[in-house]
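Participant: I'll drop the sequence and a predicted model, then ask my questions.
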Amino acid sequence: MTVRNVSRRGFLQMGAATGGGLIIGLTLPGCSFSGALPINRDAGAFIPHAFLQITPDNAITFYCPSDEMGQGIRTGLATIIGEELDVHPHNMTVTSAGSHKDYANPEFGIQLTGGSNAIRAFWGPLRQTGANTRALLLEAAALDLGVPASQLATDNGHVVTDGQRLPYGDFVSTAAGMAMPKQSALKANTAFKYIGSEFTRVDALAKSTGTAQFGIDADIPDMVFAVVARAPVAGARVSAVDSDAALAMPGVRHIVPISSGIAVVADAYWQAKKAADALVIRWEDKPLKRVNSAQVRKDLDTALERGEDLEASSQGDVDVGFDVADSIVEADYFAPFLAHAPLEPVNATLHIRGDTADLWTGVQSIQGAQGLVERITGLPRGNIRVHNMYLGGGFGRRATLTHIVEVTEIAMAVNEPVQLLWSREDDIRHGVYRPASLMRLKAGVSNDGRVIAWQAQRSGGNITTDTLTTMLPAMLPNLPNALINGLSGLAKYVFSQWTVDPSSVEGLHETYDFDNYRVSHATVDHGLPLTFWRSVGHSYTAFAVESMMDELADRAGMNPLTFRLANTRNRPRMHGVLARAKRATDEMVVAEGHHLGIAAHNSFHTDVVEIAEVSVESGDIRVHKVTCVADVGTAVNPDIVRAQLEGAVMFGLTAALYGRIDLKNGEVQQSNFHDYPILRMDQAPAVDVILVNSGGDPTGIGEPGVPPLAPAIANAVFRATGQRLRELPLTLA
Amino acid sequence: MIEFELNGTPVAFHGASDTPLLWAIRDHFRLKGSKFGCGAGLCGACTMHLDDVAVRTCVLPVASVAGKRVTTIEGLTDNHELHPLQQAWVDHNVPQCGYCQSGQIMSAAALLSTTPNPSVADINNALAGNICRCGCYPRIKEAILSVAALTVTDETRAELAYDATAEAPSS
């Protein structure tokens, strides 16, 4: 578990495996709870393993190990296990699994949803589980019916013999006494019935009728409502508080000091909110209090000027490459801090009764949430039940669990079931952020359009160290605080002085055949808490790389797609996506006054090219249409893949046109949707998705549509105006 | 005490009269389909109908609905039948995280009740107050247009039956 035993090369490999650095230090022996499965057994039901329950009346429940935050994972994973089990996802009840080691993400080793990996990581294991379970049911049916298993077939939850359809449920009592086969044969891809076909999401109806239960909808009899007043400068503790006025307000039951601020507990949310606004609090001083956005930008620049960057990776000889290049382009690109702003602000409801606790919340790691309740209450982990609700948006935000710490501290103090809800202002001012990033690129290109030298420097904060600081206490509930602080400090040292956090530089070179490249990084940490934000490092590196590639194509006098094709000859998947995008643009009829911009990016094992059709009217950037060409290998449900790309375009466009979190005296200046705008329907472009799936195992789709969007827009704006916009959000001169 | 009609039933609210309608509905009447997103009338997650007009209830004091009809997503149709928009939402696989969708559907239903055959500009105007962070906008638009097309068909059918008023579409 100690960082010192891991070689630098090991760090980089692990980071590359996850598209970020999260796995580092977290795949630890003994950190996952093992015990009874958190499943309520129905009468006579057969629970062959953690993922399924089959009752005698053939009600089939799939316990989905990943968190549903809109990406369609409940449908996707139900389809994967259902394919081999031979049950259509619409014929199962799909529900969220509780916290248990059997639900650990096979790649992370912990129960965590992120990194666009769930379909890819569970693809093999859930198919095998489904196939084994089907084989077991067939063996049980063979025994019960006195027919050789080879003469039996299955169809959508039924055993078929002699034209009879007998429900799986008929055979569960026999199956319960038999051993589960281990390596039953998997279907050939050509035999898939459900994978690759399109049907409605398993949660579409609940989410269209207001009946889907999100964390905020937990409704416990006699629960009270908590609102927390938090420090305007992140991490500052309370020095003094005057709570007399708040305590005298209607409905207020308790004022509770907690680690992050002062909690007001009242009979209703509205009462707690008004009373929290009436608190008078003095906060301790923090170094962050002297930080302004302009200073951040300057510090990032200074770090590179002073050569504080450490090499992250390299190949060939960059200096020789620059010597022989026909032309060289240099440019700086900047991306600001960003908040996630999921539409459901984070919340949690906790009921501690004696030596048991129930937690209702929607988070990207219920194992982490359970670990935090264990750490703070001291209750045995098996006595803490986590009810994972639908997530009203995740985007990385719900991997940070400070609200679980808060609700636990409050519930311990008030001894009542308590619901904690953050306001939108809390969400935007007191959150965790995508780091601000400066990227300094220098590239040499030959006249025939080959990039022969590529140097990419990045400065800014590191996500992995901040995430370790928040995840370690959750994943290792029994590790003392002093040791956690020590590990966090060590990680900060390692990632600023010794090696590079892979998530800080991911995407700076990987999309192309750069024979000679060097990527380096300078850590600049201002103390604002940082975390994963949909597509993580790629969210800013793609903007720099793809803007530069466009400049280089211009310099070489080449069509931007032809130029990229020439630099991806050894990357067949991306090359194929680019070729399809070239065909799409050749066939496009572009309206008068509209201009195309393109960008390509590989992230989370998926290749995406986006073509934006843009006009600039009265000084405004108008995006009319975005065409996404993508290769995800195999699309489990192509309509959900399309929906993820459509959504990624909107998410990326919000960031490209509007997104910025500014600091003044260390305080986040934005607070709600008036000054942190989100793209609205009247600004939403049409999206055309072209899937060129080349086969093989499925790759990520939740995030890869985001990175190419901003540079595609910026490159189109250049065609429209001649202005190269190298800072996000894009602002015309 | 503030009396109003909630989904067809007379109700009384005894809490503070400046409580936003959203919190009266969610915390007191325990109807959780309408969502909290911003508390400032900026995102539309809390949209309900007040006398058939779409309103942002996170900034609407409950006192201002005295004597009026409030409809939430739970009361959009009688007997838990699906509203044509809800069916269209399912058919078009509209929701992703789903948190905004009650508000989107309530805004769309209010639009169709006055404008059964809206233009894209009408839809953009009527739904510009509803944020979808997942970016389901293209599908929301398609779903509304598909229902609008149905409405036209129903009207035409009703006219052919010489009984337009009896067959008037509910949306």
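Facilitator: That came through fine.
Participant: What is the burial count for the residue of the stretch 1-150 of chain A found nearest chain B?
Facilitator: Residue nearest to chain B within the stretch 1-150 of chain A: A:Gly70 (3.3 Å; C-beta to the nearest C-beta). Where C-beta positions appear, they are placed from N, C-alpha and C, glycine not excepted. Neighbour count for A:Gly70, taken as other C-beta atoms under 10 Å in any protein chain shown: 30.
Participant: ok, the spatially closest residue to A:Ala204 that is not a sequence neighbour - contacts?
Facilitator: In this structure, A:Ala204 finds its nearest non-sequential neighbour in B:Val90, 4.6 Å apart by C-beta to C-beta, 6 or more residues apart in numbering or on different chains. By C-beta atoms under 8 Å, 6 or more residues apart in numbering or on different chains, the contact list for B:Val90 reads A:Thr200, A:Ala204, A:Leu205, A:Ser208, B:Leu82.
Participant: So the chain: which segments form each domain?
Facilitator: Since you didn't name a chain, this refers to chain A. A:32-208, A:222-288, A:309-337+A:434-462+A:501-721, A:346-421 (automatic domain parsing).
Participant: Chain B, not that one
Facilitator: Split by automatic domain parsing, chain B gives B:2-74, B:78-160.
Participant: that older thread, may I see the buried residues of the helix or strand harbouring the residue nearest to A:Ala204?
Facilitator: Using DSSP states H and E, B:Val90 maps to helix B:84-91. Judged by neighbour count (16 or more other C-beta atoms under 10 Å in any protein chain shown), helix B:84-91 contains these buried residues: B:Pro84, B:Leu85, B:Gln86, B:Gln87, B:Ala88, B:Trp89, B:Val90.
Participant: likewise stretch A:99-111?
Facilitator: A:Ser99, A:His100, A:Lys101, A:Tyr103, A:Ala104, A:Asn105, A:Glu107, A:Phe108, A:Gly109, A:Ile110, A:Gln111.
Participant: hang on, the earlier thing: identify whichever of the domains of chain B lies nearest to A:Ala176.
Facilitator: A:Ala176 sits nearest to domain B:78-160 of all these, at 36.0 Å, using C-beta to C-beta.
Participant: who's in contact with the residue lying closest to B:Pro61 once chain neighbours are set aside?
Facilitator: Sequence neighbours aside, B:Asp18 is the residue nearest to B:Pro61 in space, at 5.0 Å (criterion: C-beta to C-beta, 6+ apart). For B:Asp18, the contact set (C-beta under 8 Å, 6+ apart) comprises B:Pro61, B:Val62, B:Ala63.
Participant: The residue positioned nearest the centre of chain B is in what secondary structure piece?
Facilitator: For chain B, the residue nearest the mean C-alpha position is B:Met106 (1.4 Å; C-alpha atoms, centre = their mean). In the assignment (DSSP H and E), B:Met106 maps to helix B:101-114.
Participant: per-residue confidence at the residue of chain A positioned farthest from its centre?
Facilitator: The C-alpha centroid of chain A is most remote from A:Gly146, which lies 50.0 Å away (C-alpha atoms, centre = their mean). pLDDT for A:Gly146: 96.
Participant: Distance check, it against A:Cys628.
Facilitator: 55 Å (C-beta to C-beta, to the nearest Å).
Participant: Likewise for A:Gln183?
Facilitator: In terms of C-beta to C-beta, A:Gln183 sits 38 Å off from A:Cys628.
Participant: Tell me which of the two has more neighbours.
Facilitator: Taking A:Gln183 and A:Cys628 together and counting by other C-beta under 10 Å, A:Cys628 has the greater number of neighbours (28 against 9).
Participant: what kind of secondary structure is that one in?
Facilitator: strand (DSSP: H, G, I helix; E, B strand; the rest coil).
Participant: Next up, the contacts around it.
Facilitator: Applying C-beta under 8 Å, 6+ apart, the residues contacting A:Cys628 are A:Val608, A:Val609, A:Glu610, A:Leu645, A:Glu646, A:Ala648, A:Val649, A:Val687, A:Asp688, A:Val689, A:Ile690, A:Gly705.
Participant: how about the second one, phi and psi?
Facilitator: Yep, that's A:Val609 we're talking about. phi -120, psi 130 (degrees, to the nearest 10).
Participant: Pairing partners for A:Ile611 in the sheet, please.
Facilitator: On the basis of DSSP bridges, A:Ile611 is bridged to A:Ile598, A:Thr627.
Participant: Near it, how many other residues are there?
Facilitator: When neighbours are counted by other C-beta under 10 Å, A:Ile611 comes out with 27.
Participant: And the one 5 residues further on, by the same measure?
Facilitator: By the other C-beta under 10 Å criterion, the neighbourhood of A:Val616 contains 18 residues.
Participant: what do you get for A:Asp222?
Facilitator: Residues near A:Asp222, counting by other C-beta under 10 Å: 8.
Participant: where does it land on pLDDT?
Facilitator: For A:Asp222, the model assigns a pLDDT of 94.
Participant: and it, what does it touch?
Facilitator: A:Glu416, A:Pro417.
Participant: Find the residue ranges of the chain scoring beneath the pLDDT cut-off.
Facilitator: In the absence of a named chain, this looks at chain A. For chain A, applying pLDDT under 70 flags the ranges A:1-34.
Participant: Actually, chain B is the one I wanted.
Facilitator: Using pLDDT under 70, chain B drops low at B:151-171.
Participant: what are the ranges of the helices in it?
Facilitator: For chain B, helices defined by DSSP state H occupy the ranges B:21-23, B:84-91, B:101-114, B:120-127, B:137-160.
Participant: again, but for the stretch 551-700 of chain A
Facilitator: With helices called from DSSP state H, counting those that start in this stretch, the stretch 551-700 of chain A shows them at A:560-566, A:572-587, A:638-657.
Participant: Convert the first one to PDB, retaining C-alpha atoms only.
Facilitator: Just to be clear, that refers to helix A:560-566. Presented in PDB, the C-alpha positions along helix A:560-566 are these (Å, rounded to 0.1, in the frame of the first residue of the first chain):
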ATOM      1  CA  PRO A 560      -7.400  19.300 -41.500                       C
ATOM      2  CA  LEU A 561      -8.800  15.800 -41.800                       C
ATOM      3  CA  THR A 562      -6.200  14.800 -44.500                       C
ATOM      4  CA  PHE A 563      -3.500  16.100 -42.200                       C
ATOM      5  CA  ARG A 564      -4.700  14.000 -39.200                       C
ATOM      6  CA  LEU A 565      -5.000  11.000 -41.500                       C
ATOM      7  CA  ALA A 566      -1.400  11.400 -42.400                       C
END
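Participant: Could I get the buried residue list for it?
Facilitator: A:Pro560, A:Leu561, A:Phe563, A:Arg564, A:Leu565, A:Ala566.
Participant: picking up where we left off before, can you flag which of the contacts of B:Val90 belong to helices?
Facilitator: Counting by DSSP H, the contacts of B:Val90 contribute A:Ala204, A:Leu205, A:Ser208 to helices.
Participant: Including distance to A:Asp332 and neighbour count, could these go into TSV?
Facilitator: Shown next, in TSV, are these (distance: C-beta to C-beta, whole Å; neighbours: other C-beta atoms under 10 Å in any protein chain shown):
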residue	distance to A:Asp332	neighbour count
A:Ala204	45	23
A:Leu205	49	17
A:Ser208	46	29
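Participant: any chance of these in TSV, plus distance to B:Lys68?
Facilitator: Output for the ones in helices among the contacts of B:Val90, formatted as TSV (distance: C-beta to C-beta, whole Å):
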residue	distance to B:Lys68
A:Ala204	32
A:Leu205	30
A:Ser208	26
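Participant: A:Phe192 touches A:Glu84, doesn't it?
Facilitator: No - in this structure, A:Phe192 is not within contact of A:Glu84 by C-beta atoms under 8 Å, at 9.7 Å.
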